[in-house]
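*Asks:* I'll drop the sequence and a predicted model, then ask my questions.
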Amino acid sequence: MPFSASPEALGQPIALPPPGQTTNLLNPPDNSWEVYTTAAICLPLVFGFASLRYWAKAYLIKQWTWDDLTCALGLIATITYVGVTIAASTGKVYGRHIWDVILGDLLNVDNQSVPHLRVSFVILCLYPICIWTVKASLFVLYLHVFAPIRWLYLQVVCGIVATAVFYLTVLAINISLCYSKSGQSELAYANSMNQPKCLQAEPKISLAMGIMNVIIDVYMIIIPLPTIWLMQMPLKRKIGVSSMFLTGIIACVASIICLRFRTRDVEVQDPTWSVIPVWVLTIVEMAASMIVCCMPTAAAVFKHYRIPITTVFSNHKQSQRIGSNTEEAGPHFIYESHVVSNAGVMSEGKLWRGSRDASNLRMKHGSMDIVPLKSTEITLTREVDIRRDG
């Protein structure tokens, strides 16, 4: 039934309350705060990891690759989606039960808030673009890291193509069903999105996207793990590398919970209220995906700045061990340890100062630290004559 912009209709609720509920136009419940809170938590985390990633690329690794571009596009997509959902959550429409929203607020006749229906249509079209961009940034990261592994390379390419086809199809369907062909006013979009072809199809399309999101998130968690555990590296490093990708479980859990809300949206027609949890969980899913995308390269920063601490700790620990048993090196000798890495700068120009210095060189090849940075960490131990060096 088309909406009417008559003065009488503008003051009426959009829909009648279900049995057991009553219309509350004075102080209705509002869950839009969930969007603001989620954005306030997720965006600083995303910005933090992104800053570490690009700082490491610019000043430590000093090499740019294609995954840097796709990660930047994913960040732009995430920020754009969060910004639009925050804008849509302002006013007196989204976050309230549909029977607590009057038509005048929906149509924004007083121009005191955003044009809710046009923004809603933008979100409808923006979501498949943004979510695919975020997923694609992770897939391209996989391509960069695991490119030599043929079977994994093919799986990643298939994932990129399949998700692109699906989300572009969803975008085309949303535009064809819900775009206003009778003008760009709020009333025109209200009538266009209230048509049966849009009103009945959208919950089903949303449900299909929810199912696809869960499948893709599980797929993206699973595909790198067998490769990591077949690599020739210490167990501790395998666990550490796996944990980076398993951070994506947060995105997977968010998409599963979001699927439940999408299912409920099909069963209960209360879109202005039930859309808020979907937006919230989508923000969490996107943020978690971008953190995973940034985390491997950001790890180089932590490793780089951990070096001086490791050196001090090693010196202290080694001195304690030798101090309790001086017979091993003699009464006038102590051991010193230095940890150096090509991720940092070997600042000490003279590590060895005497013919009696003994060296114990242990190489730990770090080529599988996930980041393309091929790092080498070296522990140097020497015996120092304290009568001559002290």
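*Replies:* Okay, I see it.

*Asks:* Where does the prediction get shaky in the stretch 101-250 of the chain?
*Replies:* 109-113, 232-233, 241 (pLDDT under 70).

*Asks:* give me the number of residues near Tyr219?
*Replies:* Counted with other Cβ atoms under 10 Å, residues neighbouring Tyr219 total 18. Yep, even glycine has a C-beta here, placed from its N, CA and C like the rest.

*Asks:* Distance of the nearest residue to it once chain neighbours are set aside relative to Asn27?
*Replies:* Leaving aside its sequence neighbours, Tyr219 sits nearest to Gly159 (Cβ to Cβ, 6 or more residues apart in numbering; 6.3 Å). Gly159 is 48 Å from Asn27, where distance means Cβ to Cβ, to the nearest Å.

*Asks:* Please, where are all the strands along this structure?
*Replies:* 333-341, 360-366, 375-385 (DSSP state E).

*Asks:* ranking the ones you listed by mean pLDDT, which is last?
*Replies:* Mean pLDDT is lowest for strand 360-366 out of these, coming in at a mean of 36.

*Asks:* Ile14 versus the closest residue to Ile79 other than its chain neighbours, what's the distance?
*Replies:* Take Ile79 and drop its neighbours on the chain: the residue closest to it by Cβ to Cβ, 6+ apart is Leu43, 7.4 Å away. Leu43 sits at a distance of 31 Å from Ile14 (criterion: Cβ to Cβ).

*Asks:* quick one, which of those two is more surrounded?
*Replies:* The neighbour count for Leu43 versus Ile14, taken as other Cβ under 10 Å, is higher for Ile14 (19 against 16).

*Asks:* who touches the more buried one in this structure?
*Replies:* With contacts taken as Cβ atoms under 8 Å, 6 or more residues apart in numbering, Ile14 has the following neighbours: 98-99, 101-103, 106, 272.

*Asks:* And for Ser176, the neighbour number?
*Replies:* Ser176 has 11 neighbouring residues, counting by other Cβ under 10 Å.

*Asks:* I'd say Met286 and Ile79 touch.
*Replies:* No. At 9.4 Å, Met286 and Ile79 do not qualify as touching, with contact defined as Cβ atoms under 8 Å.

*Asks:* between the two, which one's more packed in?
*Replies:* In terms of neighbours (other Cβ under 10 Å), Met286 is the more surrounded of Met286 and Ile79; the figures are 26 against 18.

*Asks:* quick one: the closest residue to that one other than its chain neighbours from Asn194, how far?
*Replies:* Beyond its immediate neighbours in the sequence, the residue positioned closest to Met286 (Cβ to Cβ, 6+ apart) is Thr78, lying 4.5 Å away. Computed as Cβ to Cβ, the Thr78 to Asn194 distance reads 30 Å.

*Asks:* Name the residue in those two with the higher neighbour count.
*Replies:* A side-by-side neighbour count of Thr78 and Asn194, using other Cβ under 10 Å, places Thr78 first with 26 against 15.

*Asks:* Contact partners for the more buried one?
*Replies:* With contact taken as Cβ under 8 Å, 6+ apart, Thr78 is in contact with 46, 130, 134, 283, 286-287, 290.

*Asks:* so Glu285 touches Ile256, yeah?
*Replies:* No. Taking contacts as Cβ under 8 Å, Glu285 lies outside contact range of Ile256: 9.9 Å.

*Asks:* So for the two, which sits in the more crowded spot?
*Replies:* Relative neighbour count places Glu285 above the other of Glu285 and Ile256, with 27 against 16, counting by other Cβ under 10 Å.

*Asks:* contacting residues for the more buried one?
*Replies:* With contacts taken as Cβ under 8 Å, 6+ apart, Glu285 has the following neighbours: 131, 213, 217, 251, 254-255, 258.

*Asks:* any chance of those residues in JSON lines, plus neighbour count?
*Replies:* Output for these, formatted as JSON lines (neighbours: other Cβ atoms under 10 Å):
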{"residue": "Ile131", "neighbour count": "26"}
{"residue": "Asn213", "neighbour count": "25"}
{"residue": "Asp217", "neighbour count": "24"}
{"residue": "Ala251", "neighbour count": "27"}
{"residue": "Ala254", "neighbour count": "23"}
{"residue": "Ser255", "neighbour count": "27"}
{"residue": "Cys258", "neighbour count": "23"}
